[in-house]
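Peer 1: this is a predicted model, with the sequence first.
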Amino acid sequence: AAGMDDYLAKPVATQALREALQRFEQREAAPVAERSESATPATPVPVTADAAPVNLTVLRDAANGDDAFAPELAQLFVGQTREQLNLLRAALVEGSTSKVQNIAHRCKGGSSACGATRLASLFQDLERVGQDPQLAPAQRVIDEIESEFTRVQVFLKGAALYADNPRHPS
């Protein structure tokens, strides 16, 4: 009834939330009948293997524009993703579809939040194929994920946003 009918996908970016709230504030004075019935989420842009593996603008937005924090965030993202990939391999060997799906879901969100769009897309694919009780298609997707994750690390190193860390060995 209040007209707040927008949609924000996880992970919610600060700027996207701010814009959604501003749209609501602008509509607040309009009568309810004049408000749109629903807002539609933006259509995702297809991601190609040729694109940079990390959108640095998204990464910096995730760091709230703090250029000093962006490398820390990149370091944390790489370390956590590496740990999750180890857990993912173990879940695959174990044959646990629920663990594969849960890990893929977590990694999809983290990858998306840090601007690793293609990696997030691959984790989304894994989340979907992880429903197959045989998990046969999952190994192919995991191979693609590991390849893309390597591209992400190389890109972040080149952008001086990531360096190998003894706490998270390569």
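Peer 2: That came through fine.
Peer 1: could you use CA atoms for every contact and neighbour count after this?
Peer 2: OK.
Peer 1: name the nearest residue to the most centrally placed residue in the chain, sequence neighbours excluded.
Peer 2: In the chain, the residue lying closest to the centroid (C-alpha atoms, centre = their mean) is residue 112, at 1.7 Å. Of all residues not flanking residue 112 in the chain, residue 120 sits nearest, at 5.3 Å (C-alpha to C-alpha, 6 or more residues apart in numbering).
Peer 1: can you confirm that neighbour is in a helix?
Peer 2: Yes - secondary structure of residue 120 (DSSP: H, G, I helix; E, B strand; the rest coil): part of a helix.
Peer 1: check which helix or strand the residue nearest to the centre of the chain maps to.
Peer 2: helix 97-113 (DSSP states H and E).
Peer 1: circling back: verify the stated contact: the residue nearest to residue 112 with residue 114.
Peer 2: No - using C-alpha atoms under 8 Å, residue 120 makes no contact with residue 114, being 9.5 Å away.
Peer 1: next, the buried residues of the helix ranked longest in the chain.
Peer 2: Using DSSP state H to define each element, the chain has its longest helix at helix 70-94. By 16 or more other C-alpha atoms under 10 Å, the buried positions in helix 70-94 come out as 70-71, 73-75, 77-79, 81-82, 84-85, 88, 91-92.
Peer 1: let me know the closest of the residues you listed to residue 135.
Peer 2: Set against residue 135, the nearest of these by C-alpha to C-alpha is residue 92 (7.2 Å).
Peer 1: ok, the closest one - contacts?
Peer 2: Residue 92 is in contact with 100, 135, 138-139, counting by C-alpha atoms under 8 Å, 6 or more residues apart in numbering.
Peer 1: helix or strand with the lowest mean pLDDT in this protein?
Peer 2: When the helices and strands of the chain are compared on mean pLDDT, DSSP states H and E, helix 14-27 comes out lowest with a mean of 68.
Peer 1: any idea which helix or strand comes after that one?
Peer 2: Following helix 14-27 in sequence, per DSSP H and E, is helix 56-62.
Peer 1: pretty sure residue 141 contacts residue 125?
Peer 2: Yes - Residue 141 lies in contact with residue 125 (C-alpha under 8 Å); the separation is 7.2 Å.
Peer 1: which one of the contacts of residue 92 has the most neighbours?
Peer 2: Tallying neighbours with other C-alpha atoms under 10 Å puts residue 100 at the head of those, with 27 neighbours.
Peer 1: spit out the contact partners of it.
Peer 2: Residue 100 touches 88, 91-92, 126-127, 130, counting by C-alpha under 8 Å, 6+ apart.
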